[in-house]
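Novice: sequence first, predicted model second:
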Amino acid sequence: MAAADDSDARDRRRKILDAALHVFSTKGFQKATNRDIAEAAGGISPGLIYHYFKDKQDLFLSMLRERASIMALVDHPQQLMDLPPRQGLTLIGRSYLMMMSIPENVAVFRIILAEALHFPEVAVMIRQQFVDRIFGVLRAYLQHQIDQGRLRPHDTSISVRTFLGSIFIHVIAREVMRQPEALQITDDQAVTMAVDVFLHGLSLEGGDA
């Protein structure tokens with residue numbers, strides 16, 4: 001009986017998360033209400049949401065965490081640290097672009113960009129829960145590669161932005177601006193070029209890492 005109850009609870013939680021994705025991606029974080037999400041989840045009681053999530057912010061962040069494949073690397077950085085630079089950076093880049101290849105995730109990404117410009121509290125929430133953590137793990141990874149003698153010493157707080165920026169601008173060009181050239185570039189092409197350009201400037205003696 002307990003196993004069945006656990007399965008039912010997981011199913012209800014999943015249904016709420018799926019409904020939240022739909023509502024947040026169409027209405028945005030600020031305008032979405034628990035009533036909207038409860039209706040999208042099949043007409044459940046809005047109060048049931050609080051059984052699984054503390055508040056709307058907790059629900060929103062839980063939805064993002066479950067759909068952000070790159071957060072698996074952030075939550076378990078040990079799988080990344082000892083990979084050589086080319087392999088590690090490729091894994092990071094592919095994880096991010098894989099996340100952005102799902103249409104629903106792209107819709108949420110657009111909403112986040114728009115709301116972060118108008119609602120500073122949304123920008124702070126996303127920065128603290130995702131951006132700061134991703135940057136922190138990647139800084140630690142690059143510093144570890146420096147310590148191992150695989151990369152030359154440099155300011156990792158800047159190089160993190162350099163590498164992620166090249167990936168991020170590709171996503172903006174493709175998913176927001178719908179730039180024709182960006183639409184023709186595959187994820188593998190984008191990641192390979194970003195890694196090549198990045199490592200060309202940081203490899204010891206100009207060699208391949």
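Specialist: Structure's in. What do you need? Numbering: from 1, shown residues only.

Novice: packing partners for the helix-or-strand element of the chain with minimal mean pLDDT?
Specialist: The weakest-scoring helix or strand in the chain, judged by mean pLDDT, DSSP states H and E, is helix 103-118 (a mean of 82). Secondary-structure packing of helix 103-118 (3 or more CB pairs under 8 Å, 6 or more residues apart in numbering; DSSP states H and E): helix 2-31, helix 56-67, helix 120-126. C-beta coordinates here come from the backbone N, C-alpha and C atoms, glycine included.

Novice: what ranges of this protein fall below the confidence cut-off?
Specialist: Low-confidence segments of the chain, defined by pLDDT under 70, span residues 1-5, 202-209.

Novice: quick one: residues contacting the residue positioned nearest the centre of it.
Specialist: Against the mean C-alpha coordinate of the chain, by CA atoms, centre = their mean, the closest residue is A68 at 4.2 Å. Applying CB atoms under 8 Å, 6 or more residues apart in numbering, we find A68 in contact with 99, 105, 130.

Novice: just the buried subset of those, please.
Specialist: 99, 105, 130 (16 or more other CB atoms under 10 Å).

Novice: can I get the CA coordinates of stretch 166-174 in PDB?
Specialist: What follows is stretch 166-174 as a C-alpha-only set of coordinates in PDB (Å, rounded to 0.1, in the frame of the first residue of the first chain):
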ATOM      1  CA  SER A 166      29.500  32.300 -26.500                       C
ATOM      2  CA  ILE A 167      26.900  29.500 -25.900                       C
ATOM      3  CA  PHE A 168      24.300  31.900 -24.500                       C
ATOM      4  CA  ILE A 169      24.500  34.400 -27.500                       C
ATOM      5  CA  HIS A 170      23.900  31.400 -29.800                       C
ATOM      6  CA  VAL A 171      20.700  30.600 -27.900                       C
ATOM      7  CA  ILE A 172      19.600  34.200 -28.000                       C
ATOM      8  CA  ALA A 173      20.200  34.400 -31.800                       C
ATOM      9  CA  ARG A 174      18.400  31.100 -32.400                       C
END
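
Novice: any idea how far that stretch is from the chain center?
Specialist: With CA atoms, centre = their mean, to the nearest Å as the basis, stretch 166-174 stands 13 Å off its chain's centre.
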